[in-house]
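S.K.: Take this sequence and fold it.
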Amino acid sequence: MAIEERTLPNSNQWEIKATGEDIPKLKGMLDKTAKEGYQKAFHRDEGIGFERVTDPGGQMTAVRKDQLEEALQMGYGKVGGAISMVMPEVPWARKSCGPGRHRFRYDKASGQIVEAS
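M.R.: Here you go, the predicted structure:
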């Protein structure tokens, strides 16, 4: 079967049919069109940028800035970077230990846990 080329009705599109040994002859035929399509898509996304948001599960993710409104409506949240926790005031004194291993024991007289020396 020879290579058949035809224009599709009611559109500006075309198609080519080939079988068997004619297929290698068509190799590289769409390279130019493919490169143009890739560059057009790449430059379309080039200047948009991304915004960091949290997904509905709570994980940080990135969303395109032009799709941010839709994402917020779908349950994504606009939250700052790192999650932090503030410890409230506690009724006991803070005990700080230096780096390394430490051994502790319970002192019956004072009712406290003290560092063993």
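S.K.: From the chain's centroid, how far away is the helix ranked longest in the chain?
M.R.: For the chain, the helix reaching the highest residue count under DSSP state H is reported as helix 31-46. Relative to the centre of its chain, helix 31-46 is centred 23 Å away, using C-alpha atoms, centre = their mean, to the nearest Å.
S.K.: List the buried residues for it?
M.R.: Judged by neighbour count (16 or more other C-beta atoms under 10 Å), helix 31-46 contains no buried residues. From N, CA and C alone the C-beta is placed, and that goes for glycine too.
S.K.: Show residues contacting that helix.
M.R.: residue 64 (C-beta atoms under 8 Å, 6 or more residues apart in numbering).
S.K.: any weak-confidence spans in this structure?
M.R.: In the predicted model, the chain carries pLDDT under 70 at residues 1, 45, 80-84, 95, 97.
S.K.: any idea where the helices of it begin and end?
M.R.: With DSSP H as the criterion, the chain has helices spanning 31-46, 68-73.
S.K.: right, and those helices - which one's nearest residue 101?
M.R.: Closest to residue 101 of the helices of the chain, according to C-beta to C-beta: helix 68-73, at 47.9 Å.
S.K.: could you dump that closest one to CSV, C-alpha only?
M.R.: What follows is helix 68-73, C-alpha atoms only, in CSV (Å, rounded to 0.1, in the frame of the first residue of the first chain):
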residue,chain,number,x,y,z
LEU,A,68,-4.7,29.4,42.4
GLU,A,69,-8.3,30.6,42.7
GLU,A,70,-9.6,27.2,41.5
ALA,A,71,-7.3,25.4,43.9
LEU,A,72,-8.5,27.4,46.9
GLN,A,73,-12.1,26.6,46.0
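S.K.: quick one on the thing from earlier: and the helices of the chain as CSV, adding distance to residue 5?
M.R.: Putting the helices of the chain into CSV (distance: least, C-beta to C-beta, whole Å) gives the following:
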stretch, distance to residue 5
helix 31-46, 15
helix 68-73, 41
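S.K.: Which of those helices sits closest to residue 94?
M.R.: helix 68-73 (40.6 Å).
S.K.: buried set for the closest one?
M.R.: residue 71.
S.K.: Report the distance from it to the chain centre.
M.R.: With C-alpha atoms, centre = their mean, you get 16 Å for helix 68-73.
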